[in-house]
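Chemist: here are the coordinates; sequence isn't available:
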């Protein structure tokens, strides 16, 4: 029997590592579905069990990242974590309190950037497979909503693990999430009586956030797909928008499609400018529409954001009134400031613009699309701080941050226009 060559052994090890990374990512995005099924069919899931599952995903990210990612990038990530720890220490000294949820929010980007930077497989293929799976589960949910409700039972899961009240689930005849059925009619397929599909996310809001992510991934990686895969990807996006009745998702996807040619060419160092312009546009929109009160609509939530930021206390701006953050779930930017402090928000914007450097035009496009979608979402919700949403965006940032993926996973990509950075990245092969 001939001995296995070092090259073959290395290839096998790399394949297994990529498979492990894919499993960690899928678990982080879909662990709530697994726990919800166990909760519905076997044993009651407690909040501590849900938190333990989430911590397991973060642990996997850091272990794989520390063993794989190059030292220079590890040093950058650890410096960021050190800054977060330092801010948390000073806040603890000032307030004698600490909130683990806010630490978790800050750790998610570092964990999944590391995981993405360790991945050398084909992210375009991975994302398409994931989209098809999510689409199939959504189709089953629409076809058999009662069966999905009984097997997954989002109502019971959120009551047991998130402290939700059963009284908040207005539809007593459904076990689906509270916003899966509306007192009014659907925007798409009006009169059909269908619920809003949640698929593996078990609630529709995160499904909408996922659609925006997959649209951004498709706009970034479309050259890596053949005509049939492009058609499949576009069809999946359209189906998921209709299935989830995603108004914000549909609007954001259209905006990203229109802006993609410009954002591909826009120097990524202007990411912070994109962020600021989108946030400031809230004031302009409220002024133009003369909105003066809160309603549970997109425009009403934007008004709430403007009003909330205008009335933030000095302690909230400095992140010293952490309890106030829980009043701003419908205003992501207010939540971001109150939970982390304005200094941390500014540090994030600067680091994202100048430190997380993408060495290719695909990376530059995705980076600009992400900050645009993130800022837009902050006007109406804090959903992007959830691991179910954030994991995919930050994983892709990490993937595009490391040059090996550029060579093996992307098609027709070109080096970053910034001289002296990314010069080793040439035209990549087809995934």
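Modeler: Nice, I can see it. From a predicted model like this one, the values you see are computed outputs, not experimental measurements.

Chemist: Can you report phi and psi for residue 360?
Modeler: Backbone torsions for residue 360, taken as degrees, to the nearest 10, come to phi -150, psi 160.

Chemist: and it, how many neighbours does it have?
Modeler: Residue 360: 25 surrounding residues under other Cβ atoms under 10 Å. Using the backbone N, CA and C atoms, a C-beta is placed for each residue, glycine as well.

Chemist: Mind giving me the packing neighbours of the longest helix anywhere in the chain?
Modeler: The longest helix of the chain (DSSP state H) is helix 6-41. If contacts are counted by 3 or more Cβ pairs under 8 Å, 6 or more residues apart in numbering; DSSP states H and E, helix 6-41 sits against helix 47-68, helix 100-117, helix 123-143, helix 145-152, helix 154-162, helix 387-401.

Chemist: what's the least confident stretch among the ones you listed?
Modeler: In terms of average pLDDT, helix 154-162 trails the rest of the helices and strands packed on helix 6-41, at a mean of 89.

Chemist: and the angle for the helix or strand following that helix with helix 123-143?
Modeler: Counting by DSSP states H and E, the next helix or strand C-terminal to helix 154-162 is helix 204-221. On the basis of axes from the mean of the first three to the mean of the last three Cα atoms, to 10 degrees, helix 204-221 is oriented at 150 degrees to helix 123-143.

Chemist: how deep is residue 293 tucked in, by neighbour count?
Modeler: Residues near residue 293, counting by other Cβ under 10 Å: 8.

Chemist: Okay, and the residue lying closest to it once chain neighbours are set aside sits in which element?
Modeler: Counting by Cβ to Cβ, 6 or more residues apart in numbering, residue 293 lies nearest to residue 303, which is 7.0 Å off, once chain neighbours are set aside. In this assignment (DSSP H and E), residue 303 forms part of helix 298-310.

Chemist: Buried residues of the helix or strand following that helix, list them for me.
Modeler: Next helix or strand after helix 298-310 toward the C-terminus (DSSP H and E): helix 314-317. The neighbour-count check on helix 314-317 (16 or more other Cβ atoms under 10 Å) flags 315, 316, 317 as buried.

Chemist: after helix 314-317, next one along is what?
Modeler: Note on helix 314-317: by DSSP H and E, the next helix or strand toward the C-terminus is helix 332-340.

Chemist: How much space separates residue 213 from residue 148?
Modeler: From residue 213 across to residue 148, the span is 23 Å (Cβ to Cβ, to the nearest Å).

Chemist: Please apply the same query to residue 83.
Modeler: To residue 148, residue 83 is 43 Å away according to Cβ to Cβ.

Chemist: Ok, residue 351 next?
Modeler: If you measure residue 351 against residue 148 using Cβ to Cβ, the figure is 41 Å.

Chemist: Could you check which of the two is surrounded by more residues?
Modeler: When residue 351 is set against residue 148 and neighbours are counted by other Cβ under 10 Å, the residue ahead is residue 148, at 24 against 16.

Chemist: Hmm, residue 138 and the more buried one touching each other?
Modeler: No - between residue 148 and residue 138 there is no contact under Cβ atoms under 8 Å: 9.6 Å.

Chemist: Give me the pLDDT value at residue 194.
Modeler: pLDDT recorded at residue 194 is 82.

Chemist: Who are the contact partners of residue 248?
Modeler: 208, 298, 380 (Cβ atoms under 8 Å, 6 or more residues apart in numbering).

Chemist: Kindly tell me how buried residue 259 is, as a neighbour count.
Modeler: Around residue 259 there are 17 residues (other Cβ under 10 Å).

Chemist: Revised request: answer the last question for residue 255.
Modeler: Neighbour count of residue 255, defined by other Cβ under 10 Å: 15.

Chemist: right, and the helix or strand after the helix or strand it falls within?
Modeler: Secondary structure assignment for residue 255, by DSSP H and E: helix 247-265. Per DSSP H and E, the first helix or strand lying C-terminal to helix 247-265 is helix 271-289.

Chemist: Next, the angle from that following helix to helix 247-265.
Modeler: Counting by the same axes, to 10 degrees, helix 271-289 lies at 140 degrees to helix 247-265.

Chemist: Pull the contacting residues for residue 138.
Modeler: Residue 138 is in contact with 197, 198, 199, 207, 239, 240, 243, 244, counting by Cβ under 8 Å, 6+ apart.

Chemist: for residue 92, that is, sorry about that
Modeler: residue 98.

Chemist: how deep is the closest residue to residue 216 other than its chain neighbours tucked in, by neighbour count?
Modeler: Leaving aside its sequence neighbours, residue 216 sits nearest to residue 369 (Cβ to Cβ, 6+ apart; 4.3 Å). The number of residues packed near residue 369 is 27, by other Cβ under 10 Å.

Chemist: Repeat that for the one 5 residues further on.
Modeler: By other Cβ under 10 Å, the residues close to residue 374 number 22.

Chemist: tell me the two of the contacts of residue 138 that are most distant?
Modeler: 198 and 239 (14.1 Å; Cβ to Cβ).

Chemist: neighbour-wise, which of those two wins?
Modeler: Between residue 198 and residue 239, counting by other Cβ under 10 Å, residue 198 is the more crowded of the two (28 against 17).

Chemist: ok, that one touching residue 158?
Modeler: No - Residue 198 lies out of contact with residue 158 (Cβ under 8 Å); the separation is 11.4 Å.

Chemist: any shared contact partners between the two?
Modeler: residue 177.

Chemist: contacting residues for residue 134?
Modeler: Taking Cβ under 8 Å, 6+ apart, one finds 199, 200, 207, 210, 240 in contact with residue 134.

Chemist: how close does it sit to residue 119?
Modeler: Residue 134 is 19 Å from residue 119, by Cβ to Cβ.

Chemist: Could you do residue 402 as well?
Modeler: From residue 402 to residue 119 the distance is 8 Å (Cβ to Cβ).

Chemist: So between those two, which is more surrounded?
Modeler: Shown here are residue 402 and residue 119; by other Cβ under 10 Å, residue 119 has more neighbours (26 against 20).

Chemist: residues touching the closest residue to the more buried one other than its chain neighbours, list them.
Modeler: Setting aside the residues directly before and after it, residue 119 is nearest to residue 21 in space (Cβ to Cβ, 6+ apart), at 4.8 Å. Residue 21 is in contact with 64, 115, 118, 119, 121, counting by Cβ under 8 Å, 6+ apart.

Chemist: make it 10 Å
Modeler: Neighbour list for residue 21: 60-61, 64-65, 68, 115-116, 118-121, 126, 395, 399 [criterion: Cβ atoms under 10 Å, 6 or more residues apart in numbering].

Chemist: With residue 303 instead?
Modeler: Residue 303 is in contact with 282, 285, 286, 289, 291, 292, 293, 294, 295, 297, 331, 379, counting by Cβ under 10 Å, 6+ apart.
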